[in-house]
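A.B. asks: With the sequence up front, the predicted model follows.
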Amino acid sequence: MDQTEKWTKIADNLQDISFGNNNIGIIKNAEKSICIAKTSEGLKACSASCPHAGGDLSEGFLDKKQNILCPVHNYRFSLNTGRDALDEGYFLKIYKLKETAEGIFIKLEE
């Protein structure tokens, strides 16, 4: 792991994260709530609050393109870029994740 980057351990393994039937879990770190999504491309992490109307994305859904959908207005956001699918200018905060033999880590600060 690159020593110049600050990574925070969030779990020892995948089983330590409580995922709902929607394949989305939530972790809380300091004042942040972060969604962890199990996708066909692996784990993805994003802010738990929808930038459109503040909906709780942990109660949302993943579509076939691995976008996360807000349960309030069905806004879709790419879990790779954070862009909204309608290209209306909303951006969801995306966090980098790493899985190693030591556990699952998130990069909280850029």
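C.D. replies: Perfect, I can see it now.

A.B. asks: Is Thr8 in contact with Glu109, as I believe?
C.D. replies: No - using Cβ atoms under 8 Å, Thr8 is not in contact with Glu109, being 9.2 Å away. Backbone N, C-alpha and C define where each C-beta goes, glycine included.

A.B. asks: Give me the more crowded residue out of the two.
C.D. replies: The neighbour count for Thr8 versus Glu109, taken as other Cβ atoms under 10 Å, is higher for Thr8 (14 against 8).

A.B. asks: Show me the beta-bridge partners of that one.
C.D. replies: Ile106 (DSSP bridges).

A.B. asks: In terms of pLDDT, where does it sit?
C.D. replies: pLDDT recorded at Thr8 is 92.

A.B. asks: Run through the residues that contact it.
C.D. replies: Residues near Thr8 by Cβ atoms under 8 Å, 6 or more residues apart in numbering: 29, 105-108.

A.B. asks: again, only this time at 10 Å
C.D. replies: Thr8 sits next to 27, 29-30, 95, 104-109 when contact means Cβ atoms under 10 Å, 6 or more residues apart in numbering.

A.B. asks: Tell me the spacing between it and Glu88.
C.D. replies: 31 Å (Cβ to Cβ, to the nearest Å).

A.B. asks: Specify the local secondary structure of the residue sitting nearest the centre point of the chain.
C.D. replies: By Cα atoms, centre = their mean, the mean C-alpha position of the chain lies nearest to Ala45, the distance being 2.2 Å. Secondary structure assignment for Ala45 (DSSP: H, G, I helix; E, B strand; the rest coil): strand.

A.B. asks: cool, and Ser58?
C.D. replies: helix.

A.B. asks: Leaving out sequence neighbours, find the closest residue to it.
C.D. replies: Sequence neighbours aside, Ile26 is the residue nearest to Ser58 in space, at 4.1 Å (criterion: Cβ to Cβ, 6 or more residues apart in numbering).

A.B. asks: how about the nearest residue to the residue nearest to the centre of the chain, chain neighbours excluded?
C.D. replies: In this structure, Ala45 finds its nearest non-sequential neighbour in Tyr95, 4.0 Å apart by Cβ to Cβ, 6+ apart.
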